[in-house]
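In: Here is a sequence with its predicted model. Questions after.
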Amino acid sequence: MRPKMILFYLLAVLLGGCVLSLHPLYEESDLIFEKKLLGTWAKSGSKETWQFERGKGENYYKMILTDEKGKKGYFDVGLGKINDIMFLNVFPQEPELKEIDYYKFHILRAHSFIRIEQIEPTLVMRLMNPDKTKEMLKNDPNLIKYEIVQDRIVLTASTEELQKFMKAHANDEGLFSKPGELKRVQTKDPNALGL
């Protein structure tokens, strides 16, 4: 299988268990940059790594997610705060597919959101829980604009509406997964991270 197609399928798997959004959680003016996030992080005993480098633009990160088999996914990431809670807005970079343009037109990238509990001494993150989100939307379909596409939630609300939703519900029990803890991994070339 070609490397670019592997990347495409990796992105599909990574985003498969997430709540997706057509719009970002932040406007560019809302973004902050936390230098402590830069570096490579991993779960104890795991080969999967999350690497954060300086991205394009003053307050952006480039995230390289490497799975247990060494396959990589590349993302543009913005960090911001809502009610003093930090969130990452994760957006896959354009995959370099070799297929015809008409095929590429059908690939729609989407945003996902990760709640950051702390950056140091360990990076503690929580993904949006799709099951809890579905339950909340079943109980109140007008909570936020969304569609169910191929049995997955796709938020269609504007950035402003997404921020209002997070302000009201970021602390709701179960909206975010249990915390995942990552430890900093020493890198061979600190200059590669833009330090």
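Out: On my side now, so go ahead.
In: any idea which strand is longest in this structure?
Out: Looking across the chain with DSSP state E, the single longest strand is strand 72-82.
In: Quick check: beta-bridge partners of the residue sitting nearest the centre point of the chain?
Out: In the chain, the C-alpha nearest the mean C-alpha coordinate belongs to V90, at 3.1 Å (Cα atoms, centre = their mean). On the basis of DSSP bridges, V90 is bridged to V77, S112.
In: mind checking pLDDT for it?
Out: Looking at V90, its pLDDT stands at 98.
In: what's the answer for D84, then?
Out: Reading off the model, D84 has pLDDT 94.
In: do A110 as well
Out: A110 is given a pLDDT of 95.
In: Name the nearest residue to it, sequence neighbours excluded.
Out: Of all residues not flanking A110 in the chain, L20 sits nearest, at 3.9 Å (Cβ to Cβ, 6 or more residues apart in numbering). (Glycine included, C-beta is placed from N, CA and C.)
In: ok, the closest residue in space to K43 that isn't next to it in sequence - how many residues close by?
Out: Nearest residue to K43, sequence neighbours excluded (Cβ to Cβ, 6+ apart): L182, at 5.8 Å. By the criterion of other Cβ atoms under 10 Å, L182 has 19 neighbours.
In: Please apply the same query to Q93.
Out: By other Cβ under 10 Å, neighbour count at Q93 equals 17.
In: How many neighbouring residues does A42 have?
Out: For A42, the neighbour count with other Cβ under 10 Å is 17.
In: and the gap between the residue nearest to the centre of the chain and L65?
Out: 9 Å (Cβ to Cβ, to the nearest Å).
In: Report the set of residues contacting both of those two.
Out: By Cβ atoms under 8 Å, 6 or more residues apart in numbering, V90 and L65 have these common neighbours: F75.
In: For the chain, just list every one of the helices.
Out: For the chain, the helices defined by DSSP state H cover 3-16, 101-104, 130-139, 159-169.
In: Of the ones you listed, which shows the lowest average pLDDT?
Out: helix 3-16 (a mean of 42).
In: CA atoms only for the longest strand of the chain - export them in PDB, please.
Out: Output in PDB follows, covering the C-alpha atoms of strand 72-82 (Å, rounded to 0.1, in the frame of the first residue of the first chain):
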ATOM      1  CA  LYS A  72       2.400   8.900  11.100                       C
ATOM      2  CA  GLY A  73      -0.400  11.500  10.900                       C
ATOM      3  CA  TYR A  74       0.300  15.200  10.500                       C
ATOM      4  CA  PHE A  75      -2.000  17.800  12.000                       C
ATOM      5  CA  ASP A  76      -2.300  21.600  12.400                       C
ATOM      6  CA  VAL A  77      -3.100  22.300  16.000                       C
ATOM      7  CA  GLY A  78      -4.300  25.500  17.800                       C
ATOM      8  CA  LEU A  79      -4.400  25.900  21.600                       C
ATOM      9  CA  GLY A  80      -6.800  28.200  23.400                       C
ATOM     10  CA  LYS A  81      -8.700  28.600  26.600                       C
ATOM     11  CA  ILE A  82     -12.400  28.600  27.400                       C
END
